[in-house]
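[1] Test case, fold it:
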Amino acid sequence: MSRNNSDSEERLSIVRSPQERKEILRKIINQAESLQDIISDNTIQNLEVCMNETDTIISETTLDEKLRNQDEVLMDSEMMSISSNVLKQCTRRLTSYACSYNHVEFAQKLVQHLRQQSNVESETPDWSLLEKKAIKCFKRTPHYSTLSGTLTPLEKKEINKKKSVVRDVQAQIKKPENIVTVDREEDGLERTVKMKQFITKYHKTYRKPLDFFKLVLHPSDFGKTIENILQISFLVRDGRVKITKDTSGILVVQPCTKDMMTQMTAGKNPNIQNVIYLNMEQWKMLKDTYRLERPMIDYDI
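    This is a model prediction of the structure:
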């Protein structure tokens, strides 16, 4: 109990009055302002002493005193502003020192230092004196070997060449007849003709090409979707329709004009038959994209 009482009495003796604190703060501020004019090697240390003394005095001020008398708070703020200016001055001075580096002057001093270290007078400095110090600045790449000796070559195996087999001459592929008339009894030709009529009618009605996938897609039958793609390929082969891309990059189908058909017949603009690849997963993705409840063209109707 006696020790605690002595500590409290010592703290009370340290506490200063508001007037005393203000006078000490004014002296510290004057000292800090003088540091702005003369920047030296001890400037940072002197500034640190001023900041520590300011913190000590501010810690003695209670919250109630700060609310009643704000002069000390303002003086603390002024001290922070001055310390910031001093640090800026130190930074500018350090930058000016860094920019004053002269590589020619450094080289001359280095040569002079080597000549003083060397016992032999010579016009050419002995650079080997810097070898030990210079080697420490570079990382050495470790040297190692992955093979301790040569490998024994493997025995060559005899390769039996396959005898060439003469293949039979493939049978000539006969090109299907072009679609000329509608009065055909073949089921495939009837579907192709129906597809051509549907594309022509759509183009005359809406005056725009038809979305390729929207035309061939059957929402409930993957096989019929493939059949529709084949029918379109036959029409492209015979020059009845053409497939292009619109401004959005979507495949569209439209009927060929008479001039285009004439050029194809004359061989100026030949058509190439090609079938687009479509698997079950891609068909399901197209169904989710277009969300068709019924096909655009149904051969069963």
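
[2] contacts and neighbour counts: CA atoms only from here.
    Noted.

[3] Can you name every helix or strand that the helix or strand where Gly188 lies contacts?
    Gly188 belongs to helix 187-206 when assigned by DSSP states H and E. Judged by 3 or more CA pairs under 8 Å, 6 or more residues apart in numbering; DSSP states H and E, the packing partners of helix 187-206 are strand 210-211, helix 222-237, strand 251-255.

[4] at 7 Å what do you get?
    If you count contacts as 3 or more CA pairs under 7 Å, 6 or more residues apart in numbering; DSSP states H and E, helix 187-206 packs onto strand 251-255.

[5] for the longest helix along the chain, the distance to its chain's centre please.
    Secondary structure assigned by DSSP state H gives helix 71-99 as the longest helix of the chain. Mean-position distance between helix 71-99 and its chain equals 41 Å (CA atoms, centre = their mean, to the nearest Å).

[6] Quick check: buried residues in that helix?
    72, 75-76, 79-80, 82-83, 85-87, 89-90 (16 or more other CA atoms under 10 Å).

[7] now it: mean pLDDT?
    If you average the pLDDT over helix 71-99, you get 79.

[8] helices or strands up against that helix?
    helix 18-37.

[9] Any chance of the buried residues of helix 71-99 in TSV with distance to Gly239 as columns?
    As requested, the buried residues of helix 71-99 are arranged in TSV below (distance: CA to CA, whole Å):
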residue	distance to Gly239
Glu72	96
Met75	94
Asp76	91
Met79	91
Met80	87
Ile82	88
Ser83	87
Asn85	85
Val86	87
Leu87	84
Gln89	85
Cys90	85
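
[10] how far away is Pro125 from His113?
    9 Å (CA to CA, to the nearest Å).

[11] no wait, Ile250
    78 Å.

[12] before we move on, back to that, okay, Pro125 and His113: which has more neighbours?
    Pro125 (18 against 12; other CA atoms under 10 Å).

[13] element containing Ile243, please.
    strand 241-245.

[14] Output the below-cut-off pLDDT ranges for this structure.
    1-15, 95-101, 120, 143-154, 163-187, 264-274, 300-301 (pLDDT under 70).

[15] mind redoing it with 80?
    Residues of the chain that meet the criterion pLDDT under 80 lie in 1-16, 18, 37-41, 61, 63-72, 92-102, 118-123, 138-189, 258-276, 298-301.

[16] Dump the helix or strand where Glu105 lies to CSV, restricted to CA.
    Assigned by DSSP H and E, Glu105 belongs to helix 103-117. The C-alpha trace of helix 103-117 is given here as CSV (Å, rounded to 0.1, in the frame of the first residue of the first chain):
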residue,chain,number,x,y,z
HIS,A,103,30.3,8.7,-62.4
VAL,A,104,33.5,10.2,-63.8
GLU,A,105,34.4,11.6,-60.4
PHE,A,106,33.7,8.2,-58.8
ALA,A,107,35.9,6.4,-61.4
GLN,A,108,38.8,8.8,-60.7
LYS,A,109,38.5,8.2,-57.0
LEU,A,110,38.4,4.5,-57.6
VAL,A,111,41.6,4.6,-59.7
GLN,A,112,43.3,6.8,-57.1
HIS,A,113,42.3,4.3,-54.4
LEU,A,114,43.8,1.3,-56.3
ARG,A,115,47.0,3.1,-56.9
GLN,A,116,47.4,3.8,-53.2
GLN,A,117,46.7,0.2,-52.4
